[in-house]
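Colleague: below are the sequence and a predicted model; questions follow.
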Amino acid sequence: MVGSYKKPVKVILSIILVIGGLFAGFPIIWMFCSSLKANSAIFAWPPKFFDETDSLASYAAVLTDSSKMRFFLNSYIVAACVVFLTLFIGILAAYAFSRFDFPGKGLFNSLIVSVQAIPPIVLLIPYMGLIVAMHLFNTYFALILTYLVTTLPYCILMMTGYFNTLSKELDEAVMIDGGSRWKALWSILVPISIPGMVSVGMYTFMQAWNEYLFALTLTQTENMRTVPIGINLLMGQHAYDWSQMMAMSVLGSIPVLVLFIFFQKYFIAGMSSGGVKG
Amino acid sequence: MKSIGKSTTPYRYLIPTLALLIVFLVIPICMVVRYSFLDNAVVSPDPVFVGLENYKTLFADAQFWGAVKHTVIFVVVSVVAHLVIGMIFAMLLNTKYFKTRTKTIARVIYILPWVFTASVVAILWKLMLQPSGIVNYLLSFLPQVSQNTEWLSDQNIALAVICFINIWCGYPFYMISILAGLQGISEDLYESAALDGATGAKSFIHITIPQLKPILISIAMLDFIWTLQSFNVIWMLTGGGPVNATEVLSIYIYKLVFQKLDYSMGGTTATVLLIVCVIIAIFYVRQQKKVRE
């Protein structure tokens, strides 16, 4: 009886599962298929997933175009610096939050939590003047420093939580042996916290790699543009080369996709702990 | 001496963070608020203090209220749809009817839309929504659907299309959070409810929803704040058009500042948006504290 009751339920749920998969995955499959087609075949009617024009020509065109490769180089430089600095500065702050009680702790904490609520467009208005005044306009530093503001809070909150789970006796043992707090942090706490750092680092990389608004306004020349802006620039050109735009989109998504697929566990753990901006 | 050294220690660890947040957060916010009280801020060498004059102008501007209306529609539709779809998918991934392997693969596919950057999302949907694109092709199998719909340049439907795209790339965050919540609900609760004859819809209403309530409220509030700030995908797909049909507050502000160079009115609108976001954030922080207690 139970079996015969369960079977139709399973069929219905399977249908929903497949429809959901198509809703989520079809656009992505279509992007990939379009990137293989010749531009003339993009709007063939009826559309096909694969056709005789399929080739890697668009990928070759993107990969051999030095101005487009420059977008990738810029994105890697900015994202790598942001990840490194976020972890370094964030770990210092997290150590203070986790190991000390001090006047103003509550206020600092509120300040850090509140960053998530500040609309980027609000900060962007004064950034224009500020970044120009600091002679940082159209440089990597403009992007790195402004991205840190959005990536640090998550890092500090996550690493504080992580350090709180580690016993204070660990750092006291180092200090009894004559070591400093600084040494305790870097030689004991940080090595144990690598899983937490991987999770935070991944998110930070993703945020830095995907950021659009600041990159659009705080850089100006093509040699300073990052991948999201590069893709957007392709969209603005007069003759739409859809095939190349899709190839560029696929290539631009690969770093984040690779991280996502290999570090799924960390990814999901971080995502469900909340407070991560998509 | 030692006690002084001890008491400044935590602050020394906080110096880099504090310096960064003061220069790139506190000062900029003060600057924006200041712009909102000035006439011709930034553009003029000595702007005049005009009190609340800019706010009066803003609240009398029909285009501003249009942007408010679009933002409210966009946010409410997105948040509700995210919640419903996230819930359905999370429950689907939590059923006992599928093998673990099937569920793992489905979960990866379901999260995918969230991984892509805004410009990829924008360009991808632009391709699919072209008049001769795949969406119109698929719809041509349905009866009574006009074939060459211009999805992004028809001012009657552009906002709905933008909402749909935002729903597509935003629900995975809900799905994952709800899934974590579902896995945290004890089986015993369902078993004892089943003994009382409550299964299916009843146990969903009386156990699942109340147990998930804190998570649902938290993520909905976060999403509310984030969606209120949306800019990227809309800017790339429609630029706020056609005829301002998709102009949300962020776009209204961006156009004021970066196209009309009106820092005063831009700052005024930004301050209003900031106040709304901060109010919701205060409720969010309170909610988080309640959850922890």
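Modeller: Yes, it's here.

Colleague: contacts only, for the residue sitting nearest the centre point of chain A.
Modeller: Nearest to the mean C-alpha position of chain A, by CA atoms, centre = their mean, lies A:Met206 at 1.0 Å. Contacts were defined as CB atoms under 8 Å, 6 or more residues apart in numbering or on different chains; by that measure A:Met206 touches A:256, A:259, B:115. No exception for glycine: its C-beta is placed from N, CA and C like everyone else's.

Colleague: export the residues you listed to TSV and tack on neighbour count?
Modeller: TSV is the format used below for the contacts of A:Met206 (neighbours: other CB atoms under 10 Å in any protein chain shown):
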residue	neighbour count
A:Val256	19
A:Leu259	20
B:Val115	21
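
Colleague: can you give me the strands in chain B?
Modeller: Ranges of strands within chain B are B:38-39, B:48-49, based on DSSP state E.

Colleague: need the winner for burial among the ones you listed.
Modeller: Comparing the strands of chain B on average neighbours per residue, with mean count of other CB atoms under 10 Å in any protein chain shown, the densest one is strand B:38-39 at a mean of 18.

Colleague: check which helices and strands that one sits against.
Modeller: In terms of contacts (3 or more CB pairs under 8 Å, 6 or more residues apart in numbering or on different chains; DSSP states H and E), strand B:38-39 is packed against strand B:48-49, helix B:53-59, helix B:263-292.

Colleague: tell me which of the ones you listed sits nearest to B:Tyr13.
Modeller: Across the helices and strands packed on strand B:38-39, the minimum distance to B:Tyr13, taken as CB to CB, is reached by helix B:263-292, at 23.5 Å.

Colleague: now check the closest one, is it near chain A?
Modeller: Yes - remark: helix B:263-292 sits within contact range of chain A at B:263, B:266-267, B:270-271, B:273-274, B:277-278, B:280-281, B:284-285, by CB under 8 Å from any CB of the partner chain.

Colleague: just the buried ones out of the residues you listed, please.
Modeller: If you count burial by 16 or more other CB atoms under 10 Å in any protein chain shown, the buried members of the residues of helix B:263-292 next to chain A come out as B:263, B:266-267, B:270-271, B:273-274, B:277, B:281, B:284-285.

Colleague: how about the nearest residue to B:Leu256, chain neighbours excluded?
Modeller: The spatially closest residue to B:Leu256, leaving aside those adjacent along the chain, is B:Gly266, at 4.0 Å (CB to CB, 6 or more residues apart in numbering or on different chains).

Colleague: do the same with B:Trp114
Modeller: Once flanking residues are discounted, B:Trp114 sits nearest to B:Pro172: 3.7 Å by CB to CB, 6+ apart.

Colleague: is the one you found in contact with B:Ile109, as I believe?
Modeller: No - the pair B:Pro172 and B:Ile109 does not pass the contact test of CB atoms under 8 Å, sitting 10.1 Å apart.

Colleague: circling back to that earlier point, and the residue nearest to B:Trp114, how many residues sit next to it?
Modeller: 23 (other CB atoms under 10 Å in any protein chain shown).

Colleague: can I get the buried ones among the residues of helix B:263-292 next to chain A in CSV with distance to A:Lys168?
Modeller: Conversion of those to CSV gives the following (distance: CB to CB, whole Å):
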residue, distance to A:Lys168
B:Tyr263, 49
B:Gly266, 49
B:Gly267, 46
B:Ala270, 43
B:Thr271, 43
B:Leu273, 43
B:Leu274, 39
B:Cys277, 37
B:Ala281, 32
B:Tyr284, 30
B:Val285, 27
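
Colleague: pop the domain breakdown of chain A in here.
Modeller: Per the record, chain A has its domains at A:1-55, A:56-272, by automatic domain parsing.

Colleague: what's the most buried one of the ones you listed?
Modeller: Mean neighbour counts were taken over those using mean count of other CB under 10 Å, and the top value, a mean of 19, falls to domain A:56-272.

Colleague: contacts only, for A:Pro153.
Modeller: A:112-113, A:115-116.

Colleague: where does A:Gly278 land on pLDDT?
Modeller: Note for A:Gly278: predicted pLDDT of 39.

Colleague: contact partners for the residue nearest to the spatial centre of chain B?
Modeller: With distances taken as CA atoms, centre = their mean, the residue of chain B nearest its centroid is B:Thr227 (2.1 Å). B:Thr227 is in contact with B:74-75, B:78-79, B:166, B:170, counting by CB under 8 Å, 6+ apart.

Colleague: check B:Tyr174 too.
Modeller: Counting by CB under 8 Å, 6+ apart, B:Tyr174 touches B:82-83, B:85-87, B:90, B:219, B:223.

Colleague: nearest to A:Gly90, of these?
Modeller: After measuring the contacts of B:Tyr174 against A:Gly90 - CB to CB - the closest member comes out as B:Ile219, at 23.4 Å.

Colleague: since we're on that closest one, how many residues are nearby?
Modeller: Other residues near B:Ile219 come to 25 when the count uses other CB under 10 Å.

Colleague: can you tell me the element the residue nearest to A:Tyr76 when sequence neighbours are not counted falls in?
Modeller: Taking CB to CB, 6+ apart, and ignoring the residues beside it in sequence, A:Tyr76 has A:Pro255 as its nearest neighbour in space, at 7.9 Å. Element membership of A:Pro255, judged by DSSP states H and E, is helix A:242-262.

Colleague: would TSV of the residues of helix B:263-292 next to chain A with distance to A:Ser35 be doable?
Modeller: Converted to TSV, the residues of helix B:263-292 next to chain A look like this (distance: CB to CB, whole Å):
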residue	distance to A:Ser35
B:Tyr263	41
B:Gly266	38
B:Gly267	42
B:Ala270	38
B:Thr271	43
B:Leu273	37
B:Leu274	40
B:Cys277	38
B:Val278	43
B:Ile280	40
B:Ala281	40
B:Tyr284	40
B:Val285	44
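
Colleague: which parts of chain A are helices?
Modeller: A:2-36, A:57-63, A:66-99, A:105-114, A:120-133, A:140-164, A:168-176, A:181-184, A:190-192, A:194-210, A:213-218, A:227-236, A:242-262, A:264-272 (DSSP state H).

Colleague: JSON lines for the ones you listed, including mean pLDDT?
Modeller: Supplementary listing: the helices of chain A in JSON lines, determined by pLDDT from 0 to 100:
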{"stretch": "helix A:2-36", "mean pLDDT": "87"}
{"stretch": "helix A:57-63", "mean pLDDT": "91"}
{"stretch": "helix A:66-99", "mean pLDDT": "95"}
{"stretch": "helix A:105-114", "mean pLDDT": "85"}
{"stretch": "helix A:120-133", "mean pLDDT": "92"}
{"stretch": "helix A:140-164", "mean pLDDT": "93"}
{"stretch": "helix A:168-176", "mean pLDDT": "83"}
{"stretch": "helix A:181-184", "mean pLDDT": "86"}
{"stretch": "helix A:190-192", "mean pLDDT": "90"}
{"stretch": "helix A:194-210", "mean pLDDT": "90"}
{"stretch": "helix A:213-218", "mean pLDDT": "94"}
{"stretch": "helix A:227-236", "mean pLDDT": "88"}
{"stretch": "helix A:242-262", "mean pLDDT": "91"}
{"stretch": "helix A:264-272", "mean pLDDT": "72"}
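
Colleague: what's the closest of the ones you listed to B:Asn40?
Modeller: Sorting those by CB to CB, the top spot, which is the nearest, belongs to helix A:120-133 at 13.9 Å.

Colleague: check which helices and strands the lowest-mean-pLDDT helix or strand in chain B sits against.
Modeller: Across the helices and strands of chain B, mean confidence by mean pLDDT, DSSP states H and E is lowest for helix B:2-21: a mean of 79. Contacts of helix B:2-21 with other secondary structure elements, assessed using 3+ CB pairs under 8 Å, 6+ apart, are made with helix A:66-99, helix A:105-114, helix A:140-164.

Colleague: so where is chain B shaky, pLDDT-wise?
Modeller: Low-confidence segments of chain B, defined by pLDDT under 70, span residues B:1-6, B:146-147, B:292-293.

Colleague: what are the ranges of the helices in it?
Modeller: B:2-21, B:27-35, B:53-59, B:62-93, B:100-115, B:118-128, B:134-139, B:158-183, B:187-195, B:200-203, B:209-228, B:232-237, B:249-254, B:263-292.

Colleague: which parts of the shortest one are buried?
Modeller: Across helix B:200-203, burial judged by 16+ other CB under 10 Å covers B:Ser203.
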